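J.: fold the following.
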Amino acid sequence: MSSPIIGSLSDQHGRKPLLLLCTVGIAISYLLWVFSSNFAIFVLARIIGGVSKGNVSLSTAIVTDVSTPATRGRGMAMIGVAFSLGFLVGPMIGAGFSIWGKEAGGEWYVYPALFALGLSVLDVIFIAVFFKESLPPHKRSSLPPSSLSNTISSYIHPLHLFRFSSITGLKEEEHANLRQVGLAYFIYLFLYSGMEFTLTFLTHIRFHFTSMQQGKMFFFIGTLMALLQGGVVRRLPLGSERKAAMLGLLLIVPSFAIVGSAYSLPMLYLGLALYSISTAFVVPMLSSLVSQYGGDHQKGAVMGVFRSLGALGRALGPAFGSFLFWSLGPEISYTIGGVLLLVPWAILKSIK
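T.: Numbers count the residues shown, from 1 in each chain. Below you'll find the predicted structure:
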């Protein structure tokens with residue numbers, strides 16, 4: 001829920017100060033993780049890290065600041081490439097630490113925490129030295145403190161997020177379309193994260209995947225996503241965002257069914273390939289679509305609310321996905337998830 005608040009503050013005070021604040025918060029969370037001698041400190045570290053994750057919505061707002069409507073889709077695709085590369089490398093690093101930690105014994109979790117801390121400190125230094133402010137003072141919001149506090153209070157209530165209540169000055173039709181895109185994004189990530197979370201259960205139970213094999217699986221997914229986003233998605237013309245996102249949603253329906261019913265590795269990887277293709281299109285295209293709403297002084301708030309809806313979907317989705325997976329089995333649960341993804345497809349289709 002911090003993303004829209006951070007986004008609104010960046011609309012008023014500029015992107016760089018808030019981006020630095022977020023990255024410093026993330027570094028502090030990893031520092032606490034290093035010294036987390038008990039579970040309570042570890043939870044505190046994750047809370048601080050979660051509150052500081054407004055950097056993602058700020059990044060999309062910065063892309064909006066420095067791009068034109070014609071090049072905005074390309075910028076969102078490049079953010080997608082960055083995520084895909086992280087999705088590609090991160091699980092492999094985690095698997096490596098897992099294997100090495102079992103051999104080393106002791107409190108081996110300190111080493112991945114130190115590695116993450118080092119990367120986050122480099123991030124802080126890079127932003128402080130090289131990043132140039134993307135939102136000039138004359139384009140910033142000039143909300144009085146009382147108005148800003150009322151806006152912040154509206155972010156706490158999830159219903160206000162779904163209504164984009166803090167975004168004012170839009171025509172009623174535009175506001176309605178913005179709400180529909182946000183709802184489609186929430187439903188998509190709610191169902192998508194359920195499958196993503198239970199995928200490791202399925203591959204471990206059915207194929208006896210080790211941590212390293214699961215890392216290689218995510219490496220395959222991330223590689224395909226990065227290639228598509230860097231080579232195809234970023235070249236899509238202006239105005240094709242909605243159709244491309246709808247195509248991605250249609251592709252993920254059979255991918256869920258294939259993965260859930262896969263009993264051989266070729267079939268599993270066929271389903272994962274369709275899954276990767278659909279993911280490569282949906283999130284960048286929806287982000288590009290949403291970034292077209294609101295004035296320059298509102299982009300941070302718009303993208304912040306949008307990212308918060310996604311975070312809410314990711315928070316609730318794994319519980320729903322796990323319930324279906326362990327109650328009904330992978331075949332039925334993944335088929336249900338795939339069919340339900342026709343709901344955000346229908347929502348996008350209804351937008352004029």
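
J.: chain center to stretch 342-352, what's the gap?
T.: Going by C-alpha atoms, centre = their mean, to the nearest Å, the spacing between the C-alpha centre of stretch 342-352 and its chain's C-alpha centre is 20 Å.

J.: list the buried residues of it.
T.: Of the residues in stretch 342-352, 344-345, 347-348 count as buried by neighbour count, 16 or more other C-beta atoms under 10 Å. Quick note: C-beta positions are derived from backbone N, CA and C, even for glycine.

J.: what would the residues you listed look like in TSV with secondary structure and distance to Tyr188?
T.: Converted to TSV, those look like this (DSSP: H, G, I helix; E, B strand; the rest coil; distance: C-beta to C-beta, whole Å):
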residue	secondary structure	distance to Tyr188
Pro344	helix	5
Trp345	helix	9
Ile347	helix	9
Leu348	helix	10
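
J.: farthest pair within these?
T.: Trp345 and Ile347 (7.3 Å; C-beta to C-beta).

J.: next, show the common contact partners of the two.
T.: With contacts defined as C-beta atoms under 8 Å, 6 or more residues apart in numbering, the residues adjacent to both Trp345 and Ile347 are Ala184.

J.: roughly how far apart are Asp11 and Gln214?
T.: When distance is defined by C-beta to C-beta, to the nearest Å, Asp11 is 40 Å away from Gln214.

J.: for those two, indicate the residue with more neighbours.
T.: Here Asp11 and Gln214 are set side by side on neighbour count (other C-beta atoms under 10 Å), and the busier one is Asp11, at 28 against 20.

J.: can I get the helix or strand encompassing that one as CSV, trimmed to CA atoms?
T.: Following DSSP states H and E, the helix or strand that holds Asp11 is helix 2-13. Included here for helix 2-13 are C-alpha records, laid out as CSV according to Å, rounded to 0.1, in the frame of the first residue of the first chain:
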residue,chain,number,x,y,z
SER,A,2,3.0,2.3,0.2
SER,A,3,3.4,2.6,-3.6
PRO,A,4,0.6,5.2,-4.2
ILE,A,5,1.7,7.3,-1.2
ILE,A,6,5.3,7.3,-2.5
GLY,A,7,4.0,8.0,-6.0
SER,A,8,2.0,11.0,-4.8
LEU,A,9,4.9,12.4,-2.8
SER,A,10,7.1,12.0,-5.9
ASP,A,11,4.5,14.0,-7.9
GLN,A,12,5.0,16.8,-5.4
HIS,A,13,8.7,16.6,-4.5
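
J.: list the contacts of that helix.
T.: Among residues not part of helix 2-13, those counted as contacts by C-beta under 8 Å, 6+ apart are 17-19, 21-22, 50-54, 56-58, 61, 135, 140-143, 148, 151-152, 155, 161, 166, 297-305, 307-308, 311.

J.: by how many degrees do the next helix or strand after it and helix 2-13 diverge?
T.: In the C-terminal direction, the helix or strand that comes right after helix 2-13 (DSSP H and E) is helix 15-34. Compare the direction of helix 15-34 with that of helix 2-13 by axes from the mean of the first three to the mean of the last three C-alpha atoms, to 10 degrees and you get 140 degrees.

J.: so which elements touch helix 15-34?
T.: In terms of contacts (3 or more C-beta pairs under 8 Å, 6 or more residues apart in numbering; DSSP states H and E), helix 15-34 is packed against helix 2-13, helix 39-51, helix 55-66, helix 110-130.
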